[in-house]
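Student: I need the structure of the sequence given here:
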Amino acid sequence: QVRLVESGGDSVRAGGSLRLSCSASEFAGYMDWFRQAPGKELEGVASYSRGTTTYSEALRDRFTISKDRASNTLYLEMFNLKPENTSMYYCAANPCPVQSGLSRPDAYKYWGQGTQVTVSS
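Tutor: Next comes the predicted model:
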């Protein structure tokens with residue numbers, strides 16, 4: 001069973017930056033980032049597939065996804081954070097690529113417990 005562990009979440013002021021990490025216990029396939037704010041649905045943030053990156057349109061200018069394949073670790077660098085970015089951020093993985101994965105969280109087999117990002121104004 002693949003285990004995903006997120007880290008790096010914190011409370012920051014608006015304009016700050018954070019780097020989230022997601023460490024997989026073993027090769028997990030295709031790993032992506034999602035987030036969920038209180039009272040809102042799960043939202044796709046960024047996807048990484050064989051070097052190709054995809055972002056939520058509203059976040060592409062301030063978020064960067066990357067992956068260290070050797071260590072099975074996925075990263076999400078977030079710049080110029082805004083209060084509306086406050087969410088629990090989750091790492092998800094699936095053995096096979098998920099087409100339009102950011103809009104299909106139900107298709108992912110493995111999920112981490114999440115790491116909280118809180119941005120104050």
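Student: confidence score at Lys82?
Tutor: At Lys82, the model reports a pLDDT of 97.
Student: residue boundaries of the strands in the protein?
Tutor: Per DSSP state E, the chain carries strands over the ranges 4-7, 11-13, 18-24, 30-36, 43-49, 52-55, 63-68, 73-78, 87-94, 110-111, 115-120.
Student: the longest one pairs with which strands?
Tutor: Take DSSP bridges as the rule and strand 87-94 pairs in its sheet with strand 30-36 (antiparallel), strand 110-111 (antiparallel), strand 115-120 (antiparallel).
Student: the second one too?
Tutor: Within its sheet, and counting by DSSP bridges, strand 11-13 is paired with strand 115-120 (parallel).
Student: poorly predicted segments of this protein, please.
Tutor: Along the chain, segments meeting pLDDT under 70 are nowhere present.
Student: one more pass at 90, please.
Tutor: The chain contains residues with pLDDT under 90 at 1, 28, 49-51, 58-60, 97-103.
Student: what bridges to the spatially most central residue of it?
Tutor: For the chain, the residue nearest the mean C-alpha position is Trp33 (2.3 Å; CA atoms, centre = their mean). Under DSSP bridges, the beta-bridge partners of Trp33 are Ala46, Cys91.
Student: surely it and Glu77 touch.
Tutor: No: between Trp33 and Glu77 there is no contact under CB atoms under 8 Å: 10.8 Å. C-beta coordinates here come from the backbone N, C-alpha and C atoms, glycine included.
Student: quick check: neighbours shared by those two?
Tutor: Listed contacts common to Trp33 and Glu77 are Leu20, Ile65; contacts here mean CB atoms under 8 Å, 6 or more residues apart in numbering.
Student: tell me, how many neighbours does Asn72 end up with?
Tutor: Using other CB atoms under 10 Å, Asn72 has 19 other residues around it.
Student: in the sheet, who's paired with the closest residue to it other than its chain neighbours?
Tutor: Closest residue in space to Asn72, ignoring its immediate chain neighbours: Ala24 at 4.0 Å, by CB to CB, 6 or more residues apart in numbering. Listed by DSSP bridges, the beta-bridge partners for Ala24 are Leu4.
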